[in-house]
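okay, predicted coordinates and the sequence, questions at the end:
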Amino acid sequence: MLEGGVDIRFIQQLLGHEKLEATSIYTQVSIEQLKAVHAKTHPAETGEKPDSQNDDKQLS
């Protein structure tokens with residue numbers, strides 16, 4: 001279900017779990033899904049440069 005895009009909170013409610021930790025025991029993320037997210041969001045993969053304003057704030 002997660003790989004299909006269903007939110008983990010929905011799965012939690014569907015299974016009747018009070019705590020998200022109980023739901024996370026039953027969820028596993030495939031390596032292919034992790035690679036896809038990494039390729040879409042990691043600056044080294046997307047060619048984006050870090051925001052220089054954020055760099056200045058971290059140095060202060």
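Okay, I see it.

C-alpha from now on. contacts and neighbour counts both.
Noted.

dead centre of the protein: give me the residue that sits there.
The centre of the chain sits closest to V37, judged by CA atoms, centre = their mean, with a distance of 7.5 Å.

state the distance from E45 to H17.
Separation of E45 from H17 (CA to CA, to the nearest Å): 37 Å.

distance check, E21 against Q33.
On the measure of CA to CA, E21 and Q33 end up 21 Å apart.

sketch out the low-pLDDT regions of this structure for me.
28-29, 48-60 (pLDDT under 70).

that one: helices as residue ranges?
8-15, 20-24, 31-41, 43-46, 52-59 (DSSP state H).

so how far is the longest one from its chain's centroid?
Translated: helix 31-41. In terms of CA atoms, centre = their mean, to the nearest Å, the centre of helix 31-41 is found 9 Å from the chain centre.

for that helix, packing partners?
helix 43-46 (3 or more CA pairs under 8 Å, 6 or more residues apart in numbering; DSSP states H and E).
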